[in-house]
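Asks: Have a look at this prediction, sequence included:
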Amino acid sequence: MIVTVTPNPSIDRTVTLPTALVRGAVHRIGATSSEPGGKGVNVARALALAGLDVIAVLPARPGDPILAGLQDIGLNIYAVPVTGAVRTNLAITEPDGTTTKLNEPGSVMESADIDALTRAVLEYAQSAQWVVLSGSLPPGMPEGWYADMVAALRPYPSKVAVDTSESPLAALAHHLDRAAPDLIKPNAEELAGLAGVTAQSLESAVARGDAGPVVIAAQRLIARGVGAVLTTLGAAGAVLVTANGAWLATPPPITPRSTVGAGDSALAGYVRADIMGAGPAQRLAMAVAYGSGAAALPGTALPSPSQLNLDDVAITAVRGPDPDSDPDSDSEPKATP
């Protein structure tokens, strides 16, 4: 079983524009959709489409619209009863796939609600292969909650993945000595913040076909106990770094329609491949196939296995420089097909 945890779930409303977004202008909407969401919910939805045994754990008050939405799509969930309403997030997508997101902060979580969510996660973790902790934290929840959860899950048999950003990610990085997860899934900006380098240095290097700076930055996290670092890089693909190697994946060509849920789908693909017993290069390939598959779909749609183009994902093994070197330097890795 796979357990996904979404402390700050949402109703994701997507507005599709037939023309490019112009600030201050009046626009006609081409299409709209609303789906139950939040990063962990998206991961669970993608895994459920592949037929995996998954449960999404999230806080929601009885009768909240997100519960009806989750029931409609048949997702297995456990809702921790709380008093606040689930937030609504708005995504505006343009014809070229550019997506603008407007996210509400979420309702305040009381201490009793936080304790109940923590207990639920630990209970389900007893029989889980993976626990996936995803997304932002709502107001009232301590910034270090993910770090505390990773530490609390150490005695359990499940692997732990974390996909978050900003202060919760910084708090996790600060406590890697006691709370190093099996997998972290940052994007370039998030990895740069963790490694103390600039996002521009990582993104510009990857644009030149040089994965070296990303590998170096990720190796620093591996040296601190993280099992694997899966860095998603949008249209450039992704880089996976473990203690045993590093790999760059280039996605198949697609026509992007919406990036909503693409990173969550990539995480789902990685977990699915790991459950199947795949090696690191194959886990990366599955992650990128899922991410690009989601980007090719409209709105908040998530890919099913039949919508993946796994064969056209190109994988390159990367031998990065020493992790003590400077990711902002011009050193280049050696790549082998």
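Replies: Structure's in. What do you need?
Asks: distance between stretch 288-296 and the chain's centre?
Replies: Centroid separation between stretch 288-296 and its chain, computed with Cα atoms, centre = their mean, to the nearest Å, is 13 Å.
Asks: Mind listing residues that contact that stretch?
Replies: Residues from elsewhere that reach stretch 288-296 (Cβ atoms under 8 Å, 6 or more residues apart in numbering): 46, 97, 232, 237-238, 249-252, 254-266, 268-269, 272, 301-303, 307-310, 313. In short, each C-beta sits where N, CA and C put it, glycine included.
Asks: just stretch 114-128 next, same as before
Replies: Contacts to stretch 114-128, defined as Cβ under 8 Å, 6+ apart, come from residues 1-3, 5, 7, 55, 57, 59, 78, 80-81, 109, 131, 140-142, 145, 148-149, 152-153, 156-158.
Asks: Would you show me how to pick out the buried ones of the residues you listed in ChimeraX?
Replies: One line in ChimeraX is enough to select the buried ones among those; burial here means 16 or more other Cβ atoms under 10 Å:
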select :1,2,3,5,7,55,57,59,78,80,109,131,141,145,148,149,153,156,158
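Asks: In strands, which of the contacts of stretch 114-128 appear?
Replies: Mapping those onto strands (DSSP state E) picks out 2-3, 5, 55, 57, 59, 78, 80, 131.
Asks: Need the max-distance pair from these.
Replies: The two members of the ones in strands among the contacts of stretch 114-128 with the most space between them (Cβ to Cβ) are 2 and 59, at 19.0 Å.
Asks: So which residue is dead centre in this structure?
Replies: The centre of the chain sits closest to residue 264, judged by Cα atoms, centre = their mean, with a distance of 4.0 Å.
Asks: so where does that one fall, helix or strand?
Replies: Secondary structure assignment for residue 264, by DSSP states H and E: helix 262-275.
Asks: Pull the number of nearby residues for residue 294.
Replies: Look at residue 294: counted by other Cβ atoms under 10 Å, it has 30 neighbours.
Asks: State the phi and psi torsions of it.
Replies: When read as degrees, to the nearest 10, the backbone of residue 294 gives phi -70, psi -40.
Asks: ok, now residue 221?
Replies: Dihedral angles of residue 221 (phi, psi; degrees, to the nearest 10) stand at phi -70, psi -40.
Asks: With residue 231 instead?
Replies: When read as degrees, to the nearest 10, the backbone of residue 231 gives phi -100, psi 120.
Asks: which residues does it form a beta bridge with?
Replies: residue 239 (DSSP bridges).
Asks: Equivalent analysis for residue 56, please.
Replies: Taking DSSP bridges as the rule, residue 56 bridges to residue 4, residue 77.
Asks: Can you tell me how far it is from residue 140?
Replies: Distance from residue 56 to residue 140, counting by Cβ to Cβ, to the nearest Å: 21 Å.
Asks: what's the nearest residue to residue 227 if we skip its chain neighbours?
Replies: Nearest residue to residue 227, sequence neighbours excluded (Cβ to Cβ, 6 or more residues apart in numbering): residue 182, at 3.9 Å.
Asks: three-state assignment of residue 292?
Replies: Following DSSP: H, G, I helix; E, B strand; the rest coil, residue 292 is assigned to helix.
Asks: Can you give me the neighbour number for it?
Replies: Neighbourhood size, residue 292 [other Cβ under 10 Å]: 29.
Asks: Make 39 the first number, not 1, from now on.
Replies: Sounds good: first residue 39 from here, last item residue 330.
Asks: Leaving out chain neighbours, which residue sits closest to residue 214?
Replies: residue 262 (4.4 Å).
Asks: residues near the one you found, how many?
Replies: Counted with other Cβ under 10 Å, residue 262 comes out at 12.
Asks: where's it relative to residue 318, distance?
Replies: Counting by Cβ to Cβ, the gap from residue 262 to residue 318 is 19 Å.
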